[in-house]
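Trainee: with the sequence up front, the predicted model follows.
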Amino acid sequence: MSFSRSDLRFAHQNGYTGVTYTPRGEYIITCGTDGDIRHWTSISDDDARSTCLGEYVTCIAHTGTRLLASTDRNSVQAYTYPDMDSDGILMRFTAPATCIRVDGSYTAAGSEDTTVKVLQGDTAGNDIVLEGHTGPVLSLDLFAERKLLASIAGDGELKVWNFEEAKELKSIAGLPKVNCFESASMFGTPTFEPQSGELLAYAADNEIVVLNTATWEVAFKLCDDSVTSNYSCCQFSPNGKLLAAGTTKGEMSIFDVKKRKAFKVEMQSNDCTSITCLAWNRGSEEEVAFCDAAGQMGTIFQSDSAEIGGDNFAEEAQDDLLGADYEFEDGDDVEAPQDDGDGVSLEQLKRKVMNFADADEVSNDSHPALPTDAPQIKLFRQQEAFQPSATPSDLEHRYMVWNEVGIVTSHLAPSGDGSIEVEFHDASIHHALRISNYSHHNLASLSSGALALASNESSKMVVIALAAAANKEWSLSMPDCETVDALTASSHLVAAATSASFLRIFSVMGTQRGVLSIPGPVVALAGHEHSLMLVYHSTAPSQTQQHLAAMLVTLNGLSLRLEHLPVPLTPGRQLSWLGFSDTGSPSIADNMGMVQLYRKSSNAWFPICDTMKLSPSVSKHYFVVAVSERRQIVEAVLCRGTSYPMTNPKPMLQELRMQIPLCDIETEKSEEEDVLLRSSLMQMDGAEKAQKEAGIKLFALACRNECETRAKELIESIACTELLELAVKYATKCGRIHLSDRLVELLPQLEAIQEVRKQLGASGITATIVLPMTPTTQSSGPKPKAIELSSTKRGTLKRFTNSPNMFKAASASLRPSTPENATAPLDTQENIFGETEQEPPSGKVTEQRLPLSSVNPFAMKRKLGDTGVIFGSEKLKLAKK
């Protein structure tokens, strides 16, 4: 026998979370520090009924007809079930009640005021007070038939009482001590064996101690070798045969009490924290629910596969082979070896099997075969088709779609009549609509061009063209009784994925544009202008994740282009949203809040936002609505305690800032790198300005951190001549002359890169146009001699280095003569320094001093060969002689 774990789901806010089952096991009831009581039909229930009882609810218990809860009023309040109407106060304390137990007609509760009270019946005021603890009561249990009660408190003691006589029977010390209930992580949680009460178990460190209630001595201890932390709580099953225990690291153990051995339990996920409460399902006794300190809920249930190679497997195989009523005979001829009472004699087993084989000479098919040694592999659950930005279809009031265009809401009346309301964010697109839902549509898609409606239970599709002037509505039925699994509408197209694995494409006015075959089961469908994206299961899921792929369809006139893309998902996650950004880039989001965007030019997916990290608490989720590349935001709705928003009251739409999940994102360097990456990957507003600002900030950080090689590498990677100019000025101003010289050497390379980018039509900073320079005529005369600068002239040049007008002056001096500037005096060296340099002697050819020496006077002796560097129009230019 082995046990599996369900996926965790958020039930309440961080803190102690309680859980219990209704007597017949129909519902799971949880409570938490948010003050809510939630009723779940199962662990997969996405529409749990919620009732607010106060600021916080510490613990709950079910009597069969009423629900008892400990609230912030320092009392135990009774409520009718399932109406949850107040039905009086049973007990009052001077501090909050921390634990409640019900057995028969008795109700017991413990409080932070160190007292325990026991009440018989439903009438308040006749309670029995048990005093003796010196710390807050953490947990308790009672066995009404023998009038026994066990309690564990923050003073580190376990006390056993005869609650009818208010007498202490036994006290055991050595348990963890705490000053308040909120800081406790190991609650001990004593639990009586529910059938006879002969055993009392409690959690102590990394083992479960079981006492004999007749002598109050330790009967035995239960240990699980797979557990690596201390136990925080434990609970007997209703039949007393099993015992469940949870640890401070979220691990779970299931013990066979009679054999004193642990069953194999599936490992916990990394998200699970300290277990705070356990509850067995009284209906099936094969399921146990638990909650942790993060407000999460999960279940442990018995799996179908047997534990291969274990002790239970050997006994089950023996019973299958010989029958449950098989007994070995003592009168065999061969003397049987001595048995230690724990095993089965192999000699007796072989003789008995051989006798069965001799008696049945015809066929051995009547004997059941032993189970094979191949273990059964549990695969990841394959996701079914869903509509992006839609809430579950089984709700009476639900969102059929919520996107950047508007909201489509479905309402179902108790009489069975339904209606659909359409609200547009921009009233200029269309006025609000209200439509009677006679056809029971449960699929909808809304765009600026059309409203599409369909049902996954029928073959009819209805489309309302919003931009049409005359007849706006058209409908059709799918052939061969095909049903619609997924539906989408864009400003120009309408598409439906059907049960026959076809993708049917229509224009907004109803013209059929094509039919494509889908390679696998459909997951979701989205559209934008002339593009469609369909996600499907490419292969069967593995043990940890499902494998998805996407069809990216683009229509241009009568031509159609199809691309197949892999869809990346983190193991253990599911796709929760599919769509396009406002610039037409495919985007996805998983159920843990990671939003990713596909860049066509890079042919890669990029994570752009982790909404879970932006959530104020782990119990709150963001329901993704739209992605805007231009504004660099993700539009989402904050949902409290659920994964989808409620229709009433209408939630507010929030804008989440995009942020690539880089390492050390809190540092200034990573923040600027995030801006640089997003501005280069996405089509955002002001991308060129953002790249320049982020680039020069990163360059300055590298200079301050003495990382000149990284600074040069950054400028070389961005390849922008304007940024190179700013970097040269900054490096010279900081006194990093060597770095400035190395940057100037990059100019020819950056000019060539920008020319290529210009020809390719790149956008952003890569589209900076470099105008070709006018060819300069080479003079046959001798070149002027390089100037040797005095200290006074060097100081003058340094001051000009920090002046932005210097580049304009240098530009004007080398610009070709035009009617506008022909009469303007050139900024020559004579004009700058107020004196004339000496002419070189005849017959000697020396290197000409270039205006670059005015930027960096210490680089004037560098030999540039046949290439000269000049500044023009506040840009670096390359002129070949």
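Mentor: That came through, no problem. Since this is a predicted model, take the numbers as computed values, not measurements. Numbers count the residues shown, from 1 in each chain.

Trainee: please settle this for me: is Glu755 part of a helix?
Mentor: Yes - the assignment for Glu755 (DSSP: H, G, I helix; E, B strand; the rest coil) places it in a helix.

Trainee: which stretches of the protein form helices?
Mentor: Counting by DSSP state H, the chain has helices at residues 311-322, 346-359, 611-614, 668-681, 687-704, 708-718, 721-733, 737-744, 747-760, 791-801, 805-814, 829-833, 852-855.

Trainee: weakest of the ones you listed by average pLDDT?
Mentor: For these, mean pLDDT drops lowest on helix 829-833, to a mean of 37.

Trainee: what's near enough to touch Thr123?
Mentor: By CB atoms under 8 Å, 6 or more residues apart in numbering, Thr123 lies in contact with nothing. The C-beta positions use only the backbone N, C-alpha and C, and glycine is treated the same way.

Trainee: actually Tyr16, sorry about that
Mentor: Gly32, Thr33, Thr58, Phe181, Glu182, Thr276, Cys277, Ala293.

Trainee: and those, which of them are buried?
Mentor: With burial judged by 16 or more other CB atoms under 10 Å, the buried subset of the contacts of Tyr16 is Gly32, Thr33, Thr58, Phe181, Thr276, Cys277, Ala293.

Trainee: out of the contacts of Tyr16, which one has the lowest pLDDT?
Mentor: Among those, pLDDT bottoms out at Glu182, giving 87.

Trainee: now this structure, which segments are flagged as low pLDDT?
Mentor: 304-376, 468-471, 760-881 (pLDDT under 70).

Trainee: one more time with 50
Mentor: Applying pLDDT under 50 to the chain flags the ranges 305-343, 356-373, 763-764, 766-789, 793, 797, 800, 803-881.

Trainee: what residue lies at the spatial centre of it?
Mentor: Centroid check for the chain by CA atoms, centre = their mean gives Met592 as the closest residue, at 1.8 Å.

Trainee: okay, that one and Pro607: tell me how far apart.
Mentor: 12 Å (CB to CB, to the nearest Å).

Trainee: shared neighbours of these two, which are they?
Mentor: Joint contacts of Met592 and Pro607 (CB under 8 Å, 6+ apart) do not exist.

Trainee: look up how far Ser75 lies from the closest residue in space to Asn74 that isn't next to it in sequence.
Mentor: Spatial nearest neighbour of Asn74, chain neighbours left out: Phe93 (5.1 Å); criterion: CB to CB, 6 or more residues apart in numbering. Remark: distance between Phe93 and Ser75 (CB to CB) = 7 Å.

Trainee: settle it for me: which of these two has more neighbours?
Mentor: The neighbour count for Phe93 versus Ser75, taken as other CB atoms under 10 Å, is higher for Phe93 (22 against 19).

Trainee: might one say that that one is in contact with Arg73?
Mentor: No - the pair Phe93 and Arg73 does not pass the contact test of CB atoms under 8 Å, sitting 9.7 Å apart.

Trainee: thought Gly188 was touching Gln235?
Mentor: No - counting by CB under 8 Å, Gly188 does not reach Gln235; the two are 11.7 Å apart.

Trainee: more neighbours: which of the two?
Mentor: Neighbours of Gly188 and Gln235, each counted by other CB under 10 Å, are more numerous for Gly188; the result is 26 against 23.

Trainee: what about the nearest residue to the more buried one once chain neighbours are set aside, neighbour count?
Mentor: Of all residues beyond its chain neighbours, the one nearest Gly188 is Ile152 (3.7 Å), with distances taken as CB to CB, 6+ apart. Per other CB under 10 Å, the neighbour tally for Ile152 reads 30.

Trainee: before we move on, what about Asn442?
Mentor: 22.

Trainee: how about it, what does it touch?
Mentor: Contacts of Asn442 (CB under 8 Å, 6+ apart): Ser393, Met400, Ser410, Ser455, Asn456, Glu457.

Trainee: bridging residues for Trp577?
Mentor: Beta bridges link Trp577 to Ala589, judged by DSSP bridges.

Trainee: which ones are touching it?
Mentor: For Trp577, the contact set (CB under 8 Å, 6+ apart) comprises Pro388, Ser389, Ser587, Ile588, Ala589, Val595, Val624.

Trainee: make it 6 Å
Mentor: Pro388, Ala589, Val624 (CB atoms under 6 Å, 6 or more residues apart in numbering).

Trainee: Leu222 now?
Mentor: Contacts of Leu222 (CB under 6 Å, 6+ apart): Ile208, Phe255.

Trainee: okay, buried residues for stretch 211-218 please.
Mentor: For stretch 211-218, the neighbour count (16+ other CB under 10 Å) marks Leu211, Thr213 as buried.

Trainee: that stretch: end-to-end distance?
Mentor: 4 Å (CA to CA, to the nearest Å).

Trainee: ok, residues contacting it?
Mentor: So stretch 211-218 is in contact with Lys170, Glu198, Leu200, Ala219, going by CB under 6 Å, 6+ apart.

Trainee: drop anything exposed from these.
Mentor: Lys170, Leu200, Ala219.

Trainee: and stretch 220-235, how far out from the chain's middle?
Mentor: 31 Å (CA atoms, centre = their mean, to the nearest Å).

Trainee: number of residues surrounding Glu457?
Mentor: By other CB under 10 Å, the residues close to Glu457 number 12.

Trainee: who's the closest spatial neighbour of it, skipping the chain neighbours?
Mentor: Thr483 (6.5 Å).

Trainee: one step back: thought the residue nearest to Asn74 was touching Ser111?
Mentor: Yes - counting by CB atoms under 6 Å, Phe93 does reach Ser111; the two are 3.9 Å apart.

Trainee: now do the contacts for the residue nearest to Asn74.
Mentor: By CB under 6 Å, 6+ apart, the residues touching Phe93 are Asn74, Ser111, Asp113.

Trainee: pull up the gap between it and Val76, please.
Mentor: On the measure of CB to CB, Phe93 and Val76 end up 8 Å apart.
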